[in-house]
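# Could you look at this predicted model? Sequence included:
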Amino acid sequence: MTIRSLLAQPRLPSMLVLLCVMSIGCGGPRGQAVNPTTAKEVGKTFLQAWQDGKKSEDLKPGIIGVDREWNAGKKLVAFEILPDESNQGTRLIMSVKLTLKDDKGVESKSTAKYAVSTAPAVTVLRDED
C-alpha cells in the first residue's frame, strides 16, 4: 500500500491530525505562569472588543483569541465576569455570563468559560472551542 492510497482513506488524515495534536498537547505545561491580574484585564479587553462590534482579528498581534459564537456573527450585548476563576498554572479559567443576539435579533443568555494565557503569547480561548 502506498502513502497516497493510505491518505485516500477517509479517516486517516483526521487520525493523523489528532495524533499530532495529542503529541503536542500531552507534554505538560510549556508556558510561563499566568499573571491573574493581567489575565483578567486581557479577558475583559477581549470581551469589550466583541461588545464594541470589532472582530477578534482586530486585537492581533497583542491578543490572539477565538470564540465560535463571535466568529459566527453573534453580537455580544452584555457580559459579566464572574468571581469563580481558576488558576491552572499557565492559564486562568474565567467564567463569564454572556448575553448574545443572533442575526434575527433573538437574545440568549449563557455562561461560558475562557482560558486566558499571558505568556509566552497572550491568548483567550473559549473553553469549548
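Yep, that arrived. Numbers count the residues shown, from 1 in each chain.
# okay, CA-based contacts and neighbour counts for the rest of this
OK.
# can you give me the helices in this protein?
Secondary structure of the chain, counting by DSSP state H: helices at 3-7, 12-25, 36-51, 68-71.
# Between those helices, which has the poorest mean confidence score?
The weakest mean pLDDT among these belongs to helix 12-25, with a mean of 42.
# And the nearest residue to residue 34 once chain neighbours are set aside, how far from residue 108?
Leaving aside its chain neighbours, residue 34 sits nearest to residue 90 (4.8 Å; criterion: CA to CA, 6 or more residues apart in numbering). Noted for residue 90: a distance of 31 Å to residue 108, by CA to CA, to the nearest Å.
# Also residue 83?
In terms of CA to CA, residue 83 sits 21 Å off from residue 108.
# related to what we said a few turns ago, and the residue nearest to residue 34, how far from residue 100?
Distance, residue 90 to residue 100, by CA to CA: 29 Å.
# With residue 109 instead?
Between residue 109 and residue 100 the computed distance is 6 Å (CA to CA).
# One more: residue 68?
Counting by CA to CA - residue 68 and residue 100 are separated by 12 Å.
# of these two, who's got more company?
More crowded of residue 68 and residue 100, by other CA atoms under 10 Å: residue 100, with 20 against 12.
# beta partners of that one?
Beta bridges link residue 100 to residue 76, residue 108 when assigned by DSSP bridges.
# and it, what is it in contact with?
The contact partners of residue 100, taken as CA atoms under 8 Å, 6 or more residues apart in numbering, are 74-78, 107-109.
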